[in-house]
Each structure stands twice: as structure tokens, then as C-alpha cells.
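Enquirer: Following is a predicted model, sequence given first.
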Amino acid sequence: MYANPRKTTSVKYLGPIELGSLVEDVLAIPQDVWDQENTDKPNRFEALDKTQHIVFRFVNKLNDWRESHDRPMWAAWKDRLLPVIEQATRPYGYANGGFPRIMLARMAPGGIIHPHTDASPSAKWPHKIHVPLTTNDKVRFYIKPQTYHFKVGEAVEVNNLDVHAVANEGASHRIHLIFEYFDRDQPSWLDAQPAA
């Protein structure tokens with residue numbers, strides 16, 4: 001399977017995002033909700049270590065990004081998340097965009113995401129976009145061969161197909177809205193395959 005030629009090969013800055021009350025709303029999520037959602041999350045990958053997730057949407061199959069499903073918390077959060085997502089994706093200009101994965105990721109002080117590549121076939125085609133909601137000046141995002149610090153409210157597409165890792169060496173949580181985005185009108189090799 002080949003990667004989408006439209007994906008960034010490093011980092012693509014998408015511009016500042018008006019977050020409204022989203023940061024306050026996310027910080028108000030009770031710990032027991034984070035714990036329950038993290039226990040039930042479908043993205044259980046060893047590289048993520050102890051990073052907690054609230055997954056709003058996820059692919060039906062790890063080998064296909066074209067079909068996904070909403071998880072229980074999406075209904076309560078979509079009106080808060082969609083305006084941010086739509087601002088972040090505006091630079092792409094897709095008339096028929098899809099969002100196969102949408103989630104919040106919370107990394108505690110001292111947390112790490114181990115060096116890895118997003119290996120599942122469903123991760124090779126969509127753009128992988130981060131919108132930092134909270135951070136500190138000691139959070140580092142490594143994408144081979146460079147290290148970055150992403151600012152709150154500044155959307156970025158990251159290269160998820162090369163080695164990447166994250167470390168939070170600060171004293172506060174790092175929370176990102178992370179989602180994937182693709183152009184439903186862009187043909188790919190998978191579109192010519194019969195559905196499994």
C-alpha cells in the first residue's frame with residue numbers, strides 16, 4: 001500500500017484556530033470519564049504508553065480509512081469540536097472531506113510516546129492533524145530528524161509515516177485534539193478494491 005502523495009513529509013502549519021470555550025470544556029472533563037474512556041479506547045498501541053485518550057470517532061477496520069463510526073461521546077461533543085476541525089482543515093480546500101478518527105489525547109507530566117510509525121494501512125492515507133489545547137514549554141514532538149514545540153491553538157499536520165515520538169518534561173498536562181482528514185473525491189488504490 002502506498003501513502004497519499006498529498007500528506008506532509010514533515011510538519012505542515014495550518015494556522016491559528018479560534019478555540020472558543022473548548023479548552024475550558026476539556027479541562028472540566030472529570031477524571032473518572034478520562035479513566036473510563038481510556039479503558040474502552042480502540043487505539044491500544046504499545047507506543048502510546050500511558051497517554052490517555054477519549055476517542056470520538058474511529059475506523060471500522062484498521063486496513064481501511066474510508067468507513068468509521070461515532071463513539072458514545074461524539075454526540076455531546078460534536079458541536080464543540082466540529083468548528084475547530086473545520087477551521088483547521090480549511091487550507092486543504094476539499095469539498096468532500098472525511099474524518100475517520102477524532103480524539104483527545106492527554107499526556108501527564110513526565111509522559112512519553114515512544115518512537116514509532118503509524119503502521120496500520122488506515123493511517124497511511126489521511127492527513128494526521130493536531131490542535132494543541134494545553135501544553136508547556138517542555139513538551140517536545142520529534143518527527144525524524146527534527147524536534148518541534150507546537151503552540152496552543154495552532155493546528156499542524158504531522159508526518160505519521162516516519163518515526164515520531166513525544167515527551168512531556170514539564171509540570172502540566174499536554175492535551176491535543178487529534179484527528180485524521182482525507183478527500184473522499186481523491187482516488188486511491190484502495191478505492192479500486194472490493195470491500196472485504
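Expert: Structure's in. What do you need?
Enquirer: what separates stretch 19-39 from the chain centre, distance-wise?
Expert: On the basis of CA atoms, centre = their mean, to the nearest Å, stretch 19-39 sits 16 Å off its chain's mean C-alpha point.
Enquirer: so T117 sits right up against V158, yeah?
Expert: No - taking contacts as CB atoms under 8 Å, T117 lies outside contact range of V158: 11.6 Å. For the C-beta atoms, the positions are set from N, CA and C on the backbone; glycine is no exception.
Enquirer: quick one: common contacting residues for those two?
Expert: Common neighbours of T117 and V158 are listed as H164 (criterion: CB atoms under 8 Å, 6 or more residues apart in numbering).
Enquirer: in the protein, which spans are strands?
Expert: Assigned strands in the chain, in chain order: 11-16, 52-61, 64-70, 97-98, 102-107, 112-116, 127-134, 139-143, 146-148, 154-158, 164-168, 174-183 (criterion: DSSP state E).
Enquirer: Lowest average pLDDT across the ones you listed?
Expert: Per-stretch averages of pLDDT across the strands of the chain put strand 112-116 at the bottom, with a mean of 89.
Enquirer: May I have that one as CSV, with CA atoms only?
Expert: Backbone C-alpha positions of strand 112-116 (Å, rounded to 0.1, in the frame of the first residue of the first chain) are rendered in CSV as follows:
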residue,chain,number,x,y,z
ILE,A,112,6.1,9.8,26.7
ILE,A,113,5.0,8.4,23.4
HIS,A,114,7.7,6.0,22.2
PRO,A,115,9.3,6.4,18.8
HIS,A,116,7.1,4.7,16.2
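Enquirer: Not counting its neighbours along the chain, what's nearest H53?
Expert: Closest residue to H53 apart from its sequence neighbours, by CB to CB, 6 or more residues apart in numbering: K41 at 4.8 Å.
Enquirer: I'd say the one you found and F56 touch.
Expert: No - between K41 and F56 there is no contact under CB under 8 Å: 10.8 Å.
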